[in-house]
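In: I would like the atomic coordinates for the input below:
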Amino acid sequence: MSLRELVDAATWTHEPEAVEFDGDVLRVTAVEGSDAWRTTSYGFVHDSEHALVQPLDGSFSVEASFVLDYTEQFDQAGVFLRVDERNWIKAGVEFSDGTPQLGAVVTRDFSDWSVAPVPEWAGRVVTVRASRDGDAVTVRAWADDEEPRLVRVAYLDPDAAVSAGLLCAAPTRAGLTVTFTGYRVGAPEDALH
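Out: Numbering: from 1, shown residues only. This next block holds a predicted model:
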């Protein structure tokens, strides 16, 4: 599925400030203050992310590629799997504490967050893939032509109906525009390692 096909077939969880095509790339400008988080440590609920999602049944993988050229605190892009407002997974690269951080937030009533710094990915095309199979979502990511690295294996109710797609958000500023360069839906991965 191309980015144009996704835009035609999917819906936004929350409308971004702007969406435009430039050739084969999709540029999405986030609304200032957009984010996805539930309660843990901070005490607030943010349900204002920009995720372009479509229903996906059974086992699948969803993959988004984007240019990692953002540099402000908590700027983020990646993929989003949504069951409802209290159960979802986001995975991608979030700029935090002065460097790009590869990570995931898994939310089952309360959010958690895992990160690992990837400063060497700045300015490159990053791809994030989430594979759902059975009761698990396996997240992998890579920059350019590198080998995919395992980010997270997370539980997701195997009977839950899921919508999935690409994501961006700008919790702390106006003017974040993410350039998405690719999008793909396919079969889940066969192995964890």
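In: ok, which stretches of this protein are helices?
Out: 3-9 (DSSP state H).
In: List the neighbours of the lowest-mean-pLDDT helix or strand in it that are in contact with it.
Out: Lowest on mean pLDDT, DSSP states H and E among the helices and strands of the chain sits strand 45-47, with a mean of 85. Strand 45-47 is touched from outside by 14, 33, 34, 35, 36, 37, 38, 39, 85, 171, with contacts defined as CB atoms under 8 Å, 6 or more residues apart in numbering. To be clear about C-beta, it is placed using only N, CA and C from the backbone, and glycine gets the same treatment.
In: buried ones in it?
Out: For strand 45-47, the neighbour count (16 or more other CB atoms under 10 Å) marks residue 46 as buried.
In: got it, and stretch 177-184?
Out: Neighbour counts using 16+ other CB under 10 Å place 177, 178, 179, 180, 182, 183 of stretch 177-184 among the buried residues.
In: out of the contacts of strand 45-47, which are inside strands?
Out: 36, 37, 38 (DSSP state E).
In: Name whatever forms a beta bridge with the last one.
Out: Just to be clear, that refers to residue 38. Residue 38 has these beta-bridge partners by DSSP bridges: residue 45.
In: Now for it, how many residues are close by?
Out: 20 (other CB atoms under 10 Å).
In: Quick one: residues contacting it.
Out: 45, 46, 47, 86, 107, 109, 110, 111.
In: Quick check: it vs residue 90, distance?
Out: The gap separating residue 38 from residue 90 is 11 Å, by CB to CB, to the nearest Å.
In: Any regions of the chain where pLDDT drops low?
Out: 192-193 (pLDDT under 70).
In: circling back to that earlier point, can you flag which of the buried residues of stretch 177-184 belong to strands?
Out: Checked against DSSP E, the buried residues of stretch 177-184 include these in strands: 177, 178, 179, 180, 182, 183.
In: ok, of those residues, which one's closest to residue 142?
Out: Closest to residue 142 out of these is residue 182 (12.6 Å), distances taken as CB to CB.
In: returning to what we had before: and of the buried residues of stretch 177-184, the nearest to residue 18?
Out: residue 177 (7.6 Å).
In: what is the closest one paired to in the beta sheet?
Out: residue 29.
In: I'd like to check which residues are in contact with residue 176.
Out: So residue 176 contacts 29, 30, 70, 72, 75, 168, 170 (CB under 8 Å, 6+ apart).
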